[in-house]
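S.K.: no sequence for this one, just the structure:
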């Protein structure tokens, strides 16, 4: 799922970390496990500090037009790992009654089949490549749900930002999300298209979408307090 040369480049960075670093900050238990696995193969393991990232809640752009009625948002670079193809399959089969799905993020790499489908057009799917943080925040604050079927993450900011804006989240059942989001999200296997479709359609018809999620993310001050007290 990576760009050509990215794996080799990252392997070299890890070799430098192994040789030079006294402390490595890891952002989740999943990240800690991955870093431990790779660095242990290179030499003595540096001191690891687990510190979740701080998240700044973006300010909503009040002038950005937000649709009425149910709509959904997915946020992130359009690359294979983010699993946009699953959502396109659902919307393609949904047909003329499909609510809007805003795909927010720039096009990435190794995803030509998805790019071709977006260029051809799918009813209800709206690709937005250049929205500001405030415009994305406006969408998330009013969306029926934020959808995040990613197949792998080391942290995952978009679901946290969505929750902080009061938006429901349906995301892949990855351990990192369960660590960061707890019982505030709905978890679905990124391989289970049927359950994703059922969950999304249930949310599209839900009467309780005006009830906002209450969630306050970790601050950067708290992040650095954890780091500096564990050095």
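M.R.: Yes, it's here. What you see is a predicted model, and the numbers here were worked out from it, not measured in a lab.

S.K.: relative to residue 104, how far out is residue 137?
M.R.: 11 Å (CB to CB, to the nearest Å). All C-beta atoms are positioned from the backbone trio N, CA, C, and that covers glycine.

S.K.: swap in residue 92?
M.R.: Distance, residue 92 to residue 104, by CB to CB: 19 Å.

S.K.: looking at those two, which one has more neighbours?
M.R.: Using other CB atoms under 10 Å as the criterion, residue 92 and residue 104 rank with residue 104 on top: 21 against 14.

S.K.: now do the same end-to-end measure for stretch 89-99.
M.R.: Chord length of stretch 89-99, first to last residue, is 14 Å (CA to CA, to the nearest Å).

S.K.: now the helices for this structure?
M.R.: Taking DSSP state H as the test, the helices found in the chain are 6-20, 29-40, 84-94, 112-120, 133-142, 157-164, 175-181, 193-204, 220-228.

S.K.: the second one to helix 6-20, inter-axis angle?
M.R.: When axes from the mean of the first three to the mean of the last three CA atoms, to 10 degrees is applied, the directions of helix 29-40 and helix 6-20 differ by 70 degrees.

S.K.: swap in the last one?
M.R.: Between the direction of helix 220-228 and that of helix 6-20, the angle (the same axes, to 10 degrees) works out to 50 degrees.

S.K.: who does helix 220-228 touch, helix- and strand-wise?
M.R.: The contact analysis (3 or more CB pairs under 8 Å, 6 or more residues apart in numbering; DSSP states H and E) places helix 220-228 against strand 47-50.

S.K.: before we move on, the earlier item: can you say which of the helices of the chain is nearest to residue 71?
M.R.: Distance to residue 71, taken as CB to CB, is lowest for helix 133-142 among those, at 7.9 Å.

S.K.: in the closest one, which of the residues would be classed as buried?
M.R.: By 16 or more other CB atoms under 10 Å, the buried positions in helix 133-142 come out as 135, 136, 137, 138, 139, 140, 141, 142.

S.K.: thanks again, I'm all set now.
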